[in-house]
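Participant: just to be clear, the model below is a prediction. Sequence and coordinates:
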Amino acid sequence: MTSERTARQRHYLMCRPTHFAVDYSINPWMDPGKPVDADLAILQWEQLHALFVSLGHTVELIEGLPGLPDMVFAANGATVVNGRVLAAKFRYQEREAEGPAYADWFRTRGYDVHEPVHVNEGEGDFLVDEDVILAGTGFRTDPEAHREAEKHLRLPVVGLELVDPRFYHLDTALAVLAPGEIMYYPAAFSEPSRQFLRNRYPDAITATDEDAQAFGLNALSDGRNVILPEAATHLAARLAERGFTPIGASLSELLKAGGSVKCCTLEIRDRD
Ligand SMILES: CN(C)C(=N)NCCC[C@H](N)C(=O)O
């Protein structure tokens, strides 16, 4: 079964957590009173980076800026489809300066960057499934940003409503595994969104509460290898049954800010 799955080499952008800390709280996972091991955060991130490289992916780096402890979560920095970049515009003032920092990185490298009018937190809420963008709303990204993404990124956008504050970004509740194949946590979505997902993806893997709580859906697939938090053991077993190769990663320190594997990784989809 495994041999039927084909990995496609990806182009990723990551940000070393040099300035990582949990100094404020903008999601239920963040408790500034709880200790964070900053050195361990860097080590765990370096292991994730090394893993991507060992799998043959191209990983570029953006320099983290002092005063922006969440900048390590590169997935929030933009959305890139076919060489077009929709810059991010953050919901909270604490992360506001990250939007221009990521936009400048792309502009400097010659990408066509669209400055957004509405709040969107990049790939935190925009997940590309081949020819459609699944777009979250409810906590961070404005529904109006979905239309903006459709226009600039030139793909149809389907809105999905998130209802559980623990799963405040779409990529904490759903992961695209391969074209037309996803895994998700139904309880994170409103009933109409659940119905949409059931209809469009009848064979999807659904996550247990335990897996979702372990951030198991904050996973990254290259079509064959699926990197996910190591504590999401049920999901790993389901993935293996479907012929994927699950690879567990430990990102305990970044989880204290409400992020994991996918959050650390922005996919750069270059022009076809
Ligand atoms: C799925 N992605 C990208 C994320 N969930 N990102 C993590 C963001 C964490 C940050 N403290 C925040 O609350 O914005």
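Facilitator: Looks like it arrived, so ask away.

Participant: which parts of the stretch 151-272 of the chain are strands?
Facilitator: With DSSP state E, counting those that start in this stretch as the criterion, the stretch 151-272 of the chain has strands at 157-161, 174-178, 181-184, 205-206, 220-221, 225-229, 245-249, 266-267.

Participant: and of the ones you listed, who's closest to residue 12?
Facilitator: Nearest to residue 12, of all the strands of the stretch 151-272 of the chain, is strand 266-267, at 6.0 Å by C-beta to C-beta. Any C-beta I mention is one placed from the backbone N, CA and C, and that applies to glycine too.

Participant: does the ligand sit close to that closest one?
Facilitator: No - taking C-beta under 6 Å from any ligand atom as the criterion, strand 266-267 and the ligand are apart, separated by no less than 8.5 Å.

Participant: same deal with stretch 154-163?
Facilitator: No - residues of stretch 154-163 are not located near the ligand by C-beta under 6 Å from any ligand atom, the shortest gap being 11.1 Å.

Participant: now do the buried residues in that stretch.
Facilitator: Applying a neighbour-count criterion of 16 or more other C-beta atoms under 10 Å, the buried positions in stretch 154-163 are 155, 157, 159-162.

Participant: out of those residues, who's nearest the ligand?
Facilitator: Comparing the buried residues of stretch 154-163 against the ligand with C-beta to the nearest ligand atom places residue 162 closest, at 11.1 Å.

Participant: surely the closest one meets residue 168?
Facilitator: Yes - taking contacts as C-beta atoms under 8 Å, residue 162 lies within contact range of residue 168: 6.7 Å.

Participant: now the helices: where do they sit in the stretch 101-250 of the chain?
Facilitator: 143-153, 191-200, 209-213, 233-241 (DSSP state H, counting those that start in this stretch).

Participant: taking strand 157-161 as reference, get the angle to the longest one.
Facilitator: Computed with axes from the mean of the first three to the mean of the last three C-alpha atoms, to 10 degrees, the direction of helix 143-153 lies at 160 degrees from that of strand 157-161.

Participant: what residues does helix 143-153 touch?
Facilitator: Applying C-beta atoms under 8 Å, 6 or more residues apart in numbering, the contact partners of helix 143-153 are 79, 81-82, 84, 86, 89, 114, 116-120, 125-126, 133, 135, 137, 155-157, 159.

Participant: any of the residues you listed buried? List them.
Facilitator: Among the contacts of helix 143-153, those classed as buried by neighbour count (16+ other C-beta under 10 Å) are 79, 81, 84, 86, 89, 114, 116, 119-120, 125-126, 133, 135, 137, 155, 157, 159.

Participant: what is in contact with residue 162 and residue 168 at once?
Facilitator: In contact with both residue 162 and residue 168: 138-139, using C-beta under 8 Å, 6+ apart.

Participant: which positions in this protein make contact with the ligand?
Facilitator: So far as C-beta under 6 Å from any ligand atom goes, the chain lies against the ligand at 26-27, 30, 70, 73, 75-76, 95, 124, 169, 171-172, 218, 257-259, 262-263.

Participant: those residues, buried ones only, as a ChimeraX selection?
Facilitator: To isolate the buried members of the residues of the chain next to the ligand in ChimeraX, using 16+ other C-beta under 10 Å:
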select :26,27,30,70,73,75,76,95,124,169,171,172,218,257,258,259,262,263
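
Participant: where is the longest helix in the chain?
Facilitator: Secondary structure of the chain per DSSP state H: the longest helix is helix 38-54.

Participant: buried ones in it, by neighbour count?
Facilitator: Within helix 38-54, the residues that count as buried by 16+ other C-beta under 10 Å are 41-42, 44-45, 48-49, 51-52.

Participant: average model confidence for stretch 202-210?
Facilitator: On average, the pLDDT along stretch 202-210 is 97.

Participant: so what touches that stretch?
Facilitator: Outside stretch 202-210, the residues touching it (C-beta under 8 Å, 6+ apart) are 177, 181-187, 197, 216-217, 232, 234-235, 238-239, 242.
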